[in-house]
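Q: Pasting the sequence and the predicted coordinates here, then a few questions.
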Amino acid sequence: MASTALAAVPQTDAPAIQVEDLSKRFGSGPTAVDALRAANMTVYPGEVVGLIGPSGSGKTTLLKCLGAVIEPTAGRITLGGELVYDGAWRMRDLRELRRDRIGFIFQAPYLIPFLDATDNVALLPMLAGQPNPAARARAGEILEALDVAHRGHARVSELSGGEQQRVSIARALANKPPIILADEPTAPLDSVRALTVVRILNRLAREYRTAIIVVTHDEKIIPTFRRIYHIRDGRTVEEAGEGRPIE
Amino acid sequence: MVRLPNVRWKRALWIAAGVAVLAAAGGLAFWRGPLAPVVVTVTKISQASLEPQVFGIGTVEARRAYSVGPTQAARVLKVLVDHGDRVKAGQLLAELDPVDLRDRLTSAELGMSRAEESVRVVEAQVREAQSRNQIAVANAARYRDLAQKNFVSTEAAEGRQNEANVTQAGLEAAQAAVQAAQHDVARSARERDAVSKQLANLRLLSPVDGIVVSRSVEPGTTVVAGQAVVRLIDPASLWVQARIDQARASGLALGQPAEIVLRSRQSSPIPGRVARIELESDAVTEERIVAVAFAEPMKEISVGELAEVTIRLPKLPETLTVPTAAVKQVDDRLGVWQRNGGAASFRPIKVGIQTLDGRTQVFDGLAAGDEVIVHSTAQLAEGTPVRVRR
Amino acid sequence: MINLAARDIAHGVGRYVATGFGLGLLIGVTLTMTGVYRGMVDDAQVLLRATGADVWVVQQHTLGPFAEPSSLHDDAYRSIRGLPGVVDTGNVAYLTMQVSHGGRPVRVMIAGYEPGRPGEPGYLTAGRPITRSHYEAIADEQTGFAIGDRVRIRRNDYTVVGLTRRMVTFGGDPMLFIPLKDAQQVQFLKDNEAIRNERDRLAANPSVNRPGVPGLLETVQDLQTSNRSVNAVLVRVAPGWDPQAVAENVKRWKHLQAFSAADMQELLVGTVISRAAKQIGLFLLILAFVSGAIVAFIVYTMTMAKLKEIAVLKLIGTRNRTIAGMILQEALGLGVIGFVVGKIAATLWGPVFPRYVLLLNEDTARAFVITLVVCVVASVIGIRAALRVDPGEAIGG
């Protein structure tokens, strides 16, 4: 792929993700742990933002709160202009939220082993209620876009590591979510593959205006982010990144 | 595993496999389970000529058997024959101890001699009386004459007459004594005969030609009247006393041929014929007793051996027959089961005799060529589904 | 929406079917045990039905002739024969013993009967009925005898002339039908040693062995070796008459005990079979528990192996009930496969069993429902585990 200079993303749209003073306390009394202390984060559509911090800093907790997997203790979360949390969940069905509005990319592909590549991806539209042929067609499109359509009928065990990664990314995209949360997506990869993943993410952000948060401590890709949030002891600090173009 | 390109094919295959398995289960339930029809065999009935036979078991016995023994208590002196000996009529078999009988015989004979001698004595007395009487009578006549002529007194004549009367009486008395003595002789003779008959009785003679089957007593034993010392049989009179169930005893007649199977020779039947049908049956065991004689006298004699007899009744003319296995009783009627469509249906019939090899005569209810159910794998009821065994 | 359960099963179909197969054998055993019980009850029914008796007359105050010993005089039938409603009577004698066939001993129940009377086997599968008054026999197929075989019972050889089927006692011994008089003799006659012993004892007894009364000893010896007893009198009732009423009549006037065929069956099922029924019932309960435990274990294991996938599924938005449904369907699938395999296995190996195995459709249907219920209950553990999975485990794992 030719190197592309990442175009600056205009920050004129409403933020796709808005986190304000988010706190999360585990446990109670003297043994309580404050994983998040008034964390703040804003991500606009089309942005790929890095979330960097040491282990135990709360980055996983923040991701889980954004993914509506755990309930924060205090603060506000607004997704796509819609209030999701302000002291209590404001959305009826968090699962629907996860299904339709958020795409997850994990450290490992975590594909469902008893479904083939296409069905792994098509699962999400099916869960959203789409009829199977339409869902599979959509899956085929995304797989095509990621250059793995030819492996559509392969079982998960037959896919190479890179192919699995791409299929898992395709899955995250299957419902065209406005938000993607990526948790250390490049951790097991070498630098070439890692940059490929970042390239894909950037392309997706650009093409589909998806807001992407990438949790990472991978030195290879950190320089590619234009904006970075550092998180330490549950507090966030925004910082401008290098924004290095991807070779 | 071969991957099929189209998921639909796989699914179709799985469904087909599932259906096949379910079909197998269902099929098994139908063919083997309680829903399955009862398997039967059938046969067409036809005319046949039946040879009815009657079967019974019994023992070999001698028609003429004799227990030879004394008519009074005695001790056995000699037994001259033993088990298995052939004897002739009149042959001496055994002798019993006469004890005092011989002495009594001698005494009786002596008594007779004495009686005979008494007769002679008395006869002499008669002669004596006779001569005296003659004289007295002559004297009486003479004196009567003389008295008439008055040569002697009337008393003297009457005296002589009286003498004559006395001698006459004496003569009659002597004559009577002769009779008595003669009777005495006769009586002694009878006594002597009696004792010698008793002696003869202690000699046991064989009543017939025969074989000794048992020597029951040894010399020295005391036996009572009526106790057998030797038992014999007439070997030509051996026959089998067979017991026939009363229910099956109709049609038996004297002279019918029979086969006898002895227990010791079960593979070689012996020919015989019905010799006697007892007029009295055994009411307790409900059997008729039929004696079947051997056609030829037995070479080996074994009285008491168990035997089976099969009597052949006259052959019946051609008649409709059905296997006995097909005849069943339902409620109070006899009949056969037939196939009606695929179900069993009962048809009452009237039957006649039944042969030993399992055929029954049909009088009424079926026609030649009709099909009847013979064997079945379960009890049949009206409407039970049936299927003929291949 | 695709069926996750179907996909999961297809992914490991060999192992799944093999598990179902194993479960199926267990279920097959369960079905067979039920079949054995039903078979025993049916044995009783078949035997009672096939002897053609509507009323069983036995010794007074006994539950004979099977539940208890019963002994009647063999002319008792004469007074029964004349009762109203009685079409026919037949004396029977029963005795369990070993007979000799081809040199090997076979355990059978000897059934003495009068040909043509109640007590005769109701149907033959081959051959002909007994026509001679002695030394012929009809054998149940389970004895292994064939037509023409010679069987030695005590002193005599009997020829098998007919075969029948399903004539077995409740202990599983096949029956051998012989003429009544032979059975009476078999029941009573001792071996030669014993007979000689008895004769000697009598001969040594001076009040019996009197020289002045010839023939007395032989008569007494004869009495000793004759048997005038039977175990029961079977009565066939005229159509339209109530067997119960006839039985009551017999009981009242003849100082005998009488059971209608229905009473007899209840008696047998209630007393003779009841203990076996309890044993089988307990066994079935244990098997059901074991099967349930196995299904629970397998489903739980399958679920535990999928925890990560379940977390991911939950995270990406799969409903709880979809996941629970997947587990439930897999459990039910195991049950269905197991049941089908079990039913086929039971039907195939049933005839090979030494006892009669009767698989009734209602039992099969009931077993199917119970299997499904057991599978549903057993899947609860797996479902609970699945529902407790935290979707967050997929993140930061």
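A: Perfect, I can see it now.
Q: where's whichever residue of the stretch 151-300 of chain C sits closest to chain A, which helix or strand?
A: Residue nearest to chain A within the stretch 151-300 of chain C: residue C:299 (15.7 Å; CB to the nearest CB). All C-beta atoms are positioned from the backbone trio N, CA, C, and that covers glycine. Remark: residue C:299 resides in helix C:274-304, with elements defined by DSSP states H and E.
Q: Could I get the CA-only coordinates of the very next helix or strand once past that helix as CSV?
A: Counting by DSSP H and E, the next helix or strand C-terminal to helix C:274-304 is helix C:307-315. Written as CSV, here are the backbone C-alpha positions of helix C:307-315 (Å, rounded to 0.1, in the frame of the first residue of the first chain):
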residue,chain,number,x,y,z
LEU,C,307,-16.3,-19.7,28.0
LYS,C,308,-14.2,-17.4,26.0
GLU,C,309,-16.5,-17.6,23.0
ILE,C,310,-19.4,-17.1,25.2
ALA,C,311,-17.8,-13.9,26.7
VAL,C,312,-17.2,-12.7,23.2
LEU,C,313,-20.7,-13.5,22.1
LYS,C,314,-22.1,-11.7,25.0
LEU,C,315,-19.9,-8.7,24.4
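Q: how about the next helix or strand after helix C:307-315, does it reach chain B?
A: Later in the chain than helix C:307-315, the nearest helix or strand by DSSP H and E is helix C:320-349. Yes - on the criterion CB under 8 Å from any CB of the partner chain, helix C:320-349 is in touch with chain B at C:340, C:343, C:344, C:347, C:348.
Q: how big is the angle separating helix C:320-349 from helix C:307-315?
A: With axes from the mean of the first three to the mean of the last three CA atoms, to 10 degrees applied, the angle from helix C:320-349 to helix C:307-315 works out at 130 degrees.
Q: Contact partners for the residue positioned nearest the centre of chain B?
A: Residue closest to the average C-alpha location in chain B (CA atoms, centre = their mean): residue B:63, at 6.0 Å. Contact analysis of residue B:63 by CB atoms under 8 Å, 6 or more residues apart in numbering or on different chains lists B:234, B:237, B:238, B:239, B:275, B:291, B:293.
Q: Can you give me the neighbour number for the fifth one?
A: When you say that, I think you mean residue B:275. By the measure other CB atoms under 10 Å in any protein chain shown, the count of residues near residue B:275 is 17.
Q: Helices along chain C, start to end?
A: Applying DSSP state H to chain C gives helices spanning C:4-11, C:13-50, C:77-81, C:180-188, C:192-204, C:216-224, C:243-254, C:261-267, C:274-304, C:307-315, C:320-349, C:361-387.
Q: Could you tell me how far the closest residue to residue B:119 other than its chain neighbours is located from chain A?
A: Nearest non-adjacent residue to residue B:119, counting by CB to CB, 6 or more residues apart in numbering or on different chains: residue B:181, 4.2 Å away. Distance, residue B:181 to chain A, using CB to the nearest CB, to the nearest Å: 148 Å.
Q: Same question for residue B:47.
A: 76 Å.
Q: which element is that residue on?
A: strand B:46-48.
Q: before we move on, what about residue B:200?
A: For residue B:200, the element it lies in under DSSP H and E is helix B:154-201.
Q: The residue nearest to residue B:277 when sequence neighbours are not counted pairs with what?
A: The spatial neighbour of residue B:277 that comes closest, neighbours along the chain excluded (CB to CB, 6+ apart), is residue B:290 at 5.2 Å. Beta-bridge partners for residue B:290, by DSSP bridges, are residue B:242, residue B:277.
Q: Just give me the neighbour total for residue B:290.
A: Neighbourhood size, residue B:290 [other CB under 10 Å]: 26.
Q: what's the neighbour count on the residue in chain A positioned nearest to chain C?
A: Proximity of chain A to chain C (CB to the nearest CB) peaks at residue A:99, 2.5 Å away. The number of residues packed near residue A:99 is 23, by other CB under 10 Å.
Q: Phi first, then psi, for it.
A: When read as degrees, to the nearest 10, the backbone of residue A:99 gives phi -70, psi -40.
Q: circling back: show me what the helix holding residue B:200 is packed against.
A: Packing contacts for helix B:154-201, counted by 3 or more CB pairs under 8 Å, 6 or more residues apart in numbering or on different chains; DSSP states H and E, involve helix B:101-148.
Q: average pLDDT for the helix it packs on?
A: If you average the pLDDT over helix B:101-148, you get 88.
Q: Just list what that helix packs against, helices and strands only.
A: helix B:154-201.
Q: tilt between the helix it packs on and helix B:101-148?
A: Using the same axes, to 10 degrees, helix B:154-201 lies at 170 degrees relative to helix B:101-148.
Q: What is the burial count for the closest residue in space to residue C:334 that isn't next to it in sequence?
A: Using CB to CB, 6+ apart and skipping residues adjacent in sequence, the residue nearest residue C:334 is residue C:20, 5.1 Å away. Residue C:20: 23 surrounding residues under other CB under 10 Å.
Q: show me what contacts the closest residue to residue C:102 other than its chain neighbours?
A: In this structure, residue C:102 finds its nearest non-sequential neighbour in residue C:149, 7.6 Å apart by CB to CB, 6+ apart. Residue C:149 makes contacts with C:101, C:102, C:139, C:159, C:160, as judged by CB under 8 Å, 6+ apart.
Q: And the residue nearest to residue B:277, how close does it get to residue B:273?
A: 11 Å (CB to CB, to the nearest Å).
Q: List, one by one, the residues from chain C near chain A.
A: C:1-2, C:4, C:7-8, C:10-12, C:308-309, C:312-319, C:322, C:390-392, C:394-397.
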